[in-house]
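J.: Prediction below, plus the sequence it came from.
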Amino acid sequence: MTSFIRRQSWVSGLFALLVVLFILTRIIQPGYGSGDFGSLARAALPYAFAVAAQTVVVIAGGIDLSVASLMALTSVIAASMMNSASEEYALFVVPFVLAVGFLVGALNGLLIVVTRVPDIVVTLATLFILQGAALMVLEAPGGAAAEWLKASIVGTVAIPGIPESVTAWIPKALVVLLVCLGLVWIPLKRSALGLSIYAIGSSELAAFRSGVSVARTRIAAYAIGGLFGAMGGLSLTMSTGIGAPIPGPYLLASVAAVVLGGVTLGGGKGGLVGPIVAVFILRLMRTDLTLLAIDPNVTSIVEGTVMVAVVMLGAFLAMRERRP
């Protein structure tokens, strides 16, 4: 157990920080309870999927600037398709929207591989394309979501044999997040594709010399990122009950949580647990600042300062590891 904690020292530190923030939140607002935690989980849901999308791409040595626009597009597609439709029709809409996200992500990867244009340029271009496409689907927020989809992230999970006082702290939104991420990430990380994604992020040349298909692996990484992005778009529609064609602040938030979560921006190192915990840390930090009635501009300064401190600490620890 001790060796595991030592290997996962960064993630363990993030969990400890999250616990400290929860204690601080209870001190600031003694009435903070399970209902507030459920609201936090629902608010963090789209951010978490955006971070998951960015994490896979960054581990592969890239970056995706189109995450937020993809979420907006998939959100409005889902909302417009489910508008005035039957509840059962959503069973078709969900996999269709996920397929759209997967294909858009794969197209991003294909363009990067074929044109050899830097990923930051390609995904910046697709950012505007997807944003325009979202506005073509819905010019203003609208549409609808199936009731069973909205209900799937509201409330808590009832577990037989476990007291309600305990299950009250297990929001459905958190369970949906863990299940969706686990179904994709756990098999991926243990597969040959997952190893290849880490390999091309560490050293593209070394991966190529080891027999890894760099082109196909890069396309696959962006496709999986697109899949997570579509999950984020669906979670937006599920949370609000409508589709929003204007991208939210998910791009910058995803990069911030990736860095805070211990993923190396150069690629090849990191995981998904740290960035997801970082999402809750950043959202809870904003909640605390709001409860303290801090000016929103000052809140942004505080969040930026925390990010700089974290990056500097990460660089310092990396330098210590390289020393003989």
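T.: Arrived safely, thanks for sending.

J.: Quick one: low-confidence residue ranges for the stretch 201-324 of the chain.
T.: 307-324 (pLDDT under 70).

J.: how about a cut-off of 90?
T.: Counting by pLDDT under 90, the stretch 201-324 of the chain shows low-confidence ranges at 201-212, 240-241, 244-271, 282-283, 285-324.

J.: That one: helices as residue ranges?
T.: Listed in chain order, the helices found in the stretch 201-324 of the chain under DSSP state H, counting those that start in this stretch are 204-209, 214-240, 250-260, 273-291, 296-322.

J.: I'd like those helices as a markdown table, with mean neighbour count and distance to L188 appended.
T.: In short, each C-beta sits where N, CA and C put it, glycine included. Output for these, formatted as a markdown table (neighbours: other Cβ atoms under 10 Å; distance: least, Cβ to Cβ, whole Å):
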| stretch | mean neighbour count | distance to L188 |
| --- | --- | --- |
| helix 204-209 | 14 | 17 |
| helix 214-240 | 26 | 7 |
| helix 250-260 | 23 | 17 |
| helix 273-291 | 21 | 14 |
| helix 296-322 | 12 | 24 |
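
J.: To P141, which of those helices lies closest?
T.: Relative to P141, the nearest member of the helices of the stretch 201-324 of the chain by Cβ to Cβ is helix 214-240, separated by 8.0 Å.

J.: That closest one - contacts with which helices or strands?
T.: Under the contact criterion of 3 or more Cβ pairs under 8 Å, 6 or more residues apart in numbering; DSSP states H and E, the helices and strands touching helix 214-240 comprise helix 34-59, helix 67-82, helix 90-115, helix 147-151, helix 172-189, helix 192-202, helix 204-209.

J.: Of all those, which one is nearest L135?
T.: Across the helices and strands packed on helix 214-240 (criterion: Cβ to Cβ), the nearest stretch is helix 67-82, sitting at 8.4 Å.

J.: between the closest one and helix 250-260, how big is the angle?
T.: Direction vectors for helix 67-82 and helix 250-260, defined by axes from the mean of the first three to the mean of the last three Cα atoms, to 10 degrees, enclose an angle of 130 degrees.

J.: gap between helix 67-82 and the chain center?
T.: With Cα atoms, centre = their mean, to the nearest Å as the basis, the distance from the averaged C-alpha position of helix 67-82 to the chain average is 16 Å.

J.: cool, stretch 267-278 as well?
T.: Averaged C-alpha coordinates place stretch 267-278 at 10 Å from its chain's average position (Cα atoms, centre = their mean).

J.: Can you tell me what sits against that stretch?
T.: Taking Cβ atoms under 8 Å, 6 or more residues apart in numbering as the criterion, the residues outside stretch 267-278 that touch it are 10-11, 14-15, 18, 48, 51-52, 54-55, 58-62, 177, 181, 185, 189, 198-203, 256-258, 260-264.

J.: Apply 6 Å and report the result again.
T.: Residues outside stretch 267-278 that contact it (Cβ atoms under 6 Å, 6 or more residues apart in numbering): 11, 14, 18, 48, 51, 55, 59, 61, 185, 198, 201-202, 257-258, 260-264.

J.: Give me the number of neighbouring residues for Y32.
T.: A total of 17 residues lie near Y32 under the criterion other Cβ atoms under 10 Å.

J.: Hmm, it is touching R26, no?
T.: Yes - in this structure Y32 lies within contact range of R26 using Cβ atoms under 6 Å: 5.3 Å.

J.: where's the nearest residue to C180 once chain neighbours are set aside relative to L177, distance?
T.: Spatial nearest neighbour of C180, excluding adjacent residues (Cβ to Cβ, 6 or more residues apart in numbering): M231 at 5.6 Å. Using Cβ to Cβ, to the nearest Å, one gets 9 Å for the distance from M231 to L177.

J.: cool, and G226?
T.: Computed with Cβ to Cβ, the distance linking G226 and L177 is 18 Å.

J.: Check P247 too.
T.: The gap separating P247 from L177 is 20 Å, by Cβ to Cβ.
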